[in-house]
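**Student:** After the sequence you'll find the predicted model.
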Amino acid sequence: MSIKSVVKVMNFHSLLRVDKSRNQAKKYAAFENVLTDMIDNIVNNRNVMLDYHTLWIDAEKPVLNIYIGSDMGFCNNLNSLVKRVLASEEENSRNVIIGRKIRQRDDEKQILFLTREEFNEDNSKVMKLLEESIREKKYSQINLVYNHYYNSTQVELVKKQVFPLKKKKVGKEALSEYQDDFAFEGDVNNLLTELVVLYVKYSMEIAAAASFAAENISRQNVTTESLKKIDEREEMFVLQDRREKKDKQFARVLDDFTKLKHY
């Protein structure tokens, strides 16, 4: 099989994976948005904050960062963006690394490592770690660091804080939206913990899917450019071959003409 055929296959498969992962991210995002609104309205509600001790966070505890890289070829640029954030992280942090091409300098900070293949086959280790982190309040903050796919021309590195949940509304809108009163049956902290665990898990699924789409659109763009260069090179060889044939034909004609002059 020629190099051009291999690149064409890679280009086609990357395009298919982009659509699949993008649709998967949209599916999870719908659930995430509903959960975000529910949690935001409860956690940041003025009356709830006054009456209940909801999801108290210890600011002295370390930060958990989950870095999602790519194991595919043609994705060095995407991995370098993730590694740049990793290199400049806070002193008081713990890390989960997903992707064999992301390197951790300080092994003491790394609490879990998985290749992308291992994560795609079984993400239960990461999900269990996230759930335990929230239920046991091990960290003051949880962030997802990955390359987010927006469209075929826009891929951006993001550091998304998924815990604690930031306020969605600010200013005058916040004053009006966070004044509703609630009546709870049971423990409000247990309710919020279950919602937050579910929300963070969906956020992780979205990040993984969006990251997968980003690396495939990157591969698709690179392979498309490679195909153009291959076509240009083939055209150059064709033109060169034609010139050589013309030169040979002209040389034969000139040789025949020279021979005729001698007679």
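**Tutor:** Alright, I've got the coordinates.
**Student:** Settle this for me: residue 157 is touching residue 82, isn't it.
**Tutor:** Yes: using C-beta atoms under 8 Å, residue 157 makes contact with residue 82 at a distance of 6.9 Å. Heads up, the C-betas are built off the backbone N, CA and C, glycines and all.
**Student:** Low-confidence ranges, the stretch 1-150 of the chain, go.
**Tutor:** 1-18, 46-55, 73-76, 104-106 (pLDDT under 70).
**Student:** And the helices in it, which stretches?
**Tutor:** Assigned by DSSP state H, counting those that start in this stretch, the helices in the stretch 1-150 of the chain fall at 3-43, 46-51, 76-87, 116-121, 124-135.
**Student:** okay, these in CSV with mean neighbour count and distance to residue 242 next?
**Tutor:** Listed next are these as CSV, based on neighbours: other C-beta atoms under 10 Å; distance: least, C-beta to C-beta, whole Å:
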stretch, mean neighbour count, distance to residue 242
helix 3-43, 16, 20
helix 46-51, 13, 79
helix 76-87, 17, 38
helix 116-121, 14, 47
helix 124-135, 16, 58
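**Student:** Serialize those to a markdown table and add fields for distance to residue 97.
**Tutor:** Output for the helices of the stretch 1-150 of the chain, formatted as a markdown table (distance: least, C-beta to C-beta, whole Å):
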| stretch | distance to residue 97 |
| --- | --- |
| helix 3-43 | 20 |
| helix 46-51 | 36 |
| helix 76-87 | 8 |
| helix 116-121 | 10 |
| helix 124-135 | 11 |
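**Student:** Any idea which of the ones you listed gets closest to residue 147?
**Tutor:** helix 76-87 (4.8 Å; C-beta to C-beta).
**Student:** Show me the contact partners of that closest one.
**Tutor:** In this structure, residues lying in contact with helix 76-87 by C-beta atoms under 8 Å, 6 or more residues apart in numbering are 65, 67-70, 95, 99, 101-105, 145-147, 155, 157, 159, 214-215, 218.
**Student:** Now the buried members of those residues.
**Tutor:** 65, 67-70, 95, 99, 101-102, 145-147, 155, 214-215, 218 (16 or more other C-beta atoms under 10 Å).
**Student:** got any residues that touch both of residue 157 and residue 82?
**Tutor:** By C-beta under 8 Å, 6+ apart, the residues touching both residue 157 and residue 82 are 145, 146, 147.
**Student:** Out of those residues, name the ones that lie in strands.
**Tutor:** 145, 146, 147 (DSSP state E).
**Student:** so what's the first one bridging to?
**Tutor:** Listed by DSSP bridges, the beta-bridge partners for residue 145 are residue 67, residue 159.
**Student:** Could you pull up the contacting residues of it?
**Tutor:** Contacts of residue 145 (C-beta under 8 Å, 6+ apart): 65, 66, 67, 68, 82, 85, 86, 157, 158, 159, 160.
**Student:** and those as CSV, adding distance to residue 33?
**Tutor:** Output for the contacts of residue 145, formatted as CSV (distance: C-beta to C-beta, whole Å):
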residue, distance to residue 33
65, 24
66, 21
67, 25
68, 21
82, 25
85, 25
86, 29
157, 22
158, 17
159, 20
160, 14
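**Student:** Thanks a lot, catch you later.
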